[in-house]
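[1] sequence below, structure please.
(chains A and B)
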Amino acid sequence: MPDSNTNKRSATQLIQDYLPQIVLVPTVVAMLMYVVIFSLWTLWLSVSNSTLLPDPSFAGFGEYVALWKSKRWTVAYQNLFLFGSLYVLGALVIGTLLAILIDQRVRFEAVWRTVFLYPLAISFIVTGTVWRWIFHPQTGVELALHDMGWISAQFGWITDRDLALYVVVITGIWHASGFAMALILAGLRAVDGDTVKAAQIDGASMARTYRRVILPSIWPIFLAVAVVLLQFAIKTYDLVVALTQGGPGVATTVPAIVVYDLMFQRGQIAQGSAAAVMILVALAIVLIPYAIYMSYRRRGEESTHG
Amino acid sequence: MAEADTLIEFDPLSTGSRRRRITTKAIVYGLLVLFSIYYLAPLAILLMNSMRPLDEIVRSGFIDIPGSVSLQYWAEAWGTFCIAGTCEGVSRFFMNSLLMAVPATIISTVLGLINGYALSKWRFKGADFLFGLITLGVFLPAQMTLLPWAFILGSIGLSNTISGLVLVHTIQGLSFTTLFCRNYFLAVPDDLIKAARIDGAGFWRIFRRIILPLSPPIVIVTVIWQFTGIWNEFLFGTVFTSGANQPITSALVAFSGSGTGVRAYNVEAAAVIMAALPPLIIYVVGGKYFVRGLTQGAVK
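    Below is the predicted model of the structure:
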């Protein structure tokens, strides 16, 4: 490196050398604020004396205790478990079925794919609004059945405390199964053709070939889809707001709805923050093991491939 | 002929007898049609009811064949219907959403391109750590950021403004755009960059001459992802804006809540279609890229 004689030149040289880092400064500052400071901020609010307004003094973990003692929150968490498992399972099953159907060298493949995937482009608010109309006894299926002459027909799931959550599940599956289909189909297409042929030469039927050979070989895709959908499930908010507003009663209330209510309707900032932290914990429970597993697998691949 | 038959490439549908093949085919197409009905029904219901007179909907519900059809409800929904205290229909909220989504998409995409380039092609000490920090933003639930954002927007005078929403969405979107672009640029051969550096090209020159010309596919993916995500977002819009400043998703919920007397279902259906249309058009036009964004966003 030749000495630069003037200070000015060395300064511009310095900027040149560190340009990649300098360019990243705004993003890094923004992300430090967003990821680190915001998280610590909400964490701190959750153990503070805040009610309607933030109050910086430390109050301990009382709000977490109060949160877990409140019926609304425990119901919301149970709902999340039931909704989350049925939603992920349903989307995976239907997504797999659709992917296999499309994989049968059907005609107009692009049309089928477009039809099954378009819900993903539509917001949860739009989705929830339409399905509310379809499920509501006064506007939807029940009324249509009555008009067709089946006077005693009843289809009031959305107003039934025990069944309303399944309405959310069905709507959620409508929105997400195309996503599962797209990823699984991509996986099916990447399966080695020779193994499939070998299985068929051995006389395996189509169903058996899928069950024993093809589907097991793409299980990492199922795992990835499940993790992404679980993430959606944990963050679910808009869909329930548009569909049932958490009701009837608390029948379809999910954690994100409780957070919003505590923070912005009931003036319980500390408890709302505690609930937000619990959502973060739920996400961490899903994502951290997956991240560890993925990095473990990647390392394994690197060592086997040299 | 018999020989030719056995030589046909193995096809799951062509196993078994001809009769069985036809049955299988019928089952496959039957199921596809059945599922298509499940997927398309909501869209058909929206379209039909946005053109039906209200008394018809009230009498026979949403699931019925229209007796008469008119486009006047579309005009009402767009221009004159009263929502959230203003009587300008959804046009106002549609514009709000555009003014929110377009700048936030452009800014976060441009920054994502530069970040991704710096992180993947100018590997310096700590680059992976910074990348890790940035990707954490993808997973942070919005609920963790609501109160801090409310405070910050308030203290810089952006509460209840579209600019405030642009800021929130830009920063939230940076993690996605950086992730997409960085992973995409990893595939650009390092030798290409090395050669350019030996020729004396600097950071920006390489960006303009080598990286940008290779970028259109990832730019399209990122723009589609960002625009549809921001357009469809609801929570931030509801928490940080109110009244006439809301984006269209929040306005739709205000619409369903604002009914006194009989609800104007037909106008509402038209408004719902308007809220769904921009992402739908993008999806139909850029479908291939939309799917690519999905797979990248999900698997990487």
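
[2] skipping adjacent residues, who's closest to B:R52 in space?
    In this structure, B:R52 finds its nearest non-sequential neighbour in B:P66, 4.5 Å apart by Cβ to Cβ, 6 or more residues apart in numbering or on different chains. To be clear about C-beta, it is placed using only N, CA and C from the backbone, and glycine gets the same treatment.

[3] neighbours of the one you found, how many?
    Using other Cβ atoms under 10 Å in any protein chain shown, B:P66 has 17 other residues around it.

[4] can I assume it sits in a helix?
    No. With DSSP: H, G, I helix; E, B strand; the rest coil as the criterion, B:P66 is located in coil rather than a helix.

[5] could you chop chain B up by domain?
    Following automatic domain parsing, chain B resolves into domains at B:2-79, B:91-299.

[6] which of those has the lowest average pLDDT?
    Among these, domain B:2-79 has the lowest mean pLDDT, at a mean of 80.

[7] pLDDT weak spots in the stretch 1-150 of chain A?
    Within the stretch 1-150 of chain A, the segments meeting pLDDT under 70 span A:1-9.

[8] mind running it again at 50?
    Across the stretch 1-150 of chain A, the ranges flagged by pLDDT under 50 are A:1-2, A:4.

[9] A:Y64: what secondary structure?
    Per three-state DSSP, the secondary structure class of A:Y64 is helix.

[10] my read: it touches A:S70, true?
    No. In terms of Cβ atoms under 8 Å, A:Y64 does not count as a neighbour of A:S70; the distance is 11.0 Å.

[11] of the two, which one has the most company?
    A:Y64 (18 against 15).

[12] for chain A, what are the nearby residues on the stretch 51-200 of chain B?
    B:57, B:60-64, B:111, B:114-115, B:118-119, B:122, B:124, B:130, B:133-134, B:136-137, B:139-149, B:151, B:171-172, B:174-175, B:178 (Cβ under 8 Å from any Cβ of the partner chain).

[13] let's see that with 7 Å instead.
    B:60-64, B:111, B:114-115, B:118, B:122, B:124, B:130, B:133-134, B:136-137, B:139-141, B:143-148, B:171, B:174-175, B:178 (Cβ under 7 Å from any Cβ of the partner chain).

[14] can you turn the buried part of those into a PyMOL selection?
    Per 16 or more other Cβ atoms under 10 Å in any protein chain shown, the buried members of those correspond to this PyMOL selection:
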select buried, chain B and resi 60+61+62+63+64+111+114+115+118+122+130+133+134+137+139+140+141+143+144+145+146+147+148+171+174+175+178
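
[15] now B:S256: how far from chain A?
    7 Å (Cβ to the nearest Cβ, to the nearest Å).

[16] and that residue, how far from B:L280?
    According to Cβ to Cβ, to the nearest Å, B:S256 and B:L280 sit 20 Å apart.

[17] verify the contact between B:L71 and B:S50 for me.
    No. B:L71 lies out of contact with B:S50 (Cβ atoms under 7 Å); the separation is 8.7 Å.

[18] between those two, who's got more neighbours?
    The residue with more neighbours, out of B:L71 and B:S50, is B:S50; 24 against 10, by other Cβ under 10 Å.

[19] surely the more buried one touches B:A270?
    Yes. In this structure B:S50 lies within contact range of B:A270 using Cβ under 7 Å: 3.9 Å.

[20] pretty sure B:N160 sits against B:T241.
    Yes. B:N160 lies in contact with B:T241 (Cβ under 7 Å); the separation is 5.2 Å.

[21] in terms of neighbours, single out the busier of those two.
    Neighbours per residue, other Cβ under 10 Å: of B:N160 and B:T241, the larger number sits with B:T241, 22 against 15.

[22] which residues touch that one?
    B:160, B:165, B:250 (Cβ atoms under 7 Å, 6 or more residues apart in numbering or on different chains).

[23] looking at B:S256 and B:L280, which is more packed in?
    Ranked by neighbour count (other Cβ under 10 Å), B:S256 and B:L280 place B:S256 first, with 21 against 17.

[24] for that one, helix, strand, or coil?
    The three-state assignment at B:S256 reads helix, by three-state DSSP.

[25] so who does it touch?
    Taking Cβ under 7 Å, 6+ apart, one finds A:129, B:268 in contact with B:S256.

[26] which other residues reach stretch A:165-176?
    A:79, A:82-83, A:86-87, A:90-91, A:94, A:119-120, A:127-128, A:131, A:135, A:157-158, A:229, A:232, A:239-240, A:243-244, A:251-252, B:38-39.

[27] narrow the residues you listed to those that are buried.
    Listed as buried from these are A:79, A:83, A:86-87, A:90-91, A:94, A:119-120, A:127-128, A:131, A:135, A:157-158, A:229, A:232, A:239-240, A:243-244, A:251-252, B:39; burial here means 16+ other Cβ under 10 Å.

[28] now, the residues you listed that are in helices?
    Within the buried ones among the contacts of stretch A:165-176, residues falling in helices by DSSP state H are A:79, A:83, A:86-87, A:90-91, A:94, A:127-128, A:131, A:135, A:229, A:232, A:239-240, A:243, B:39.
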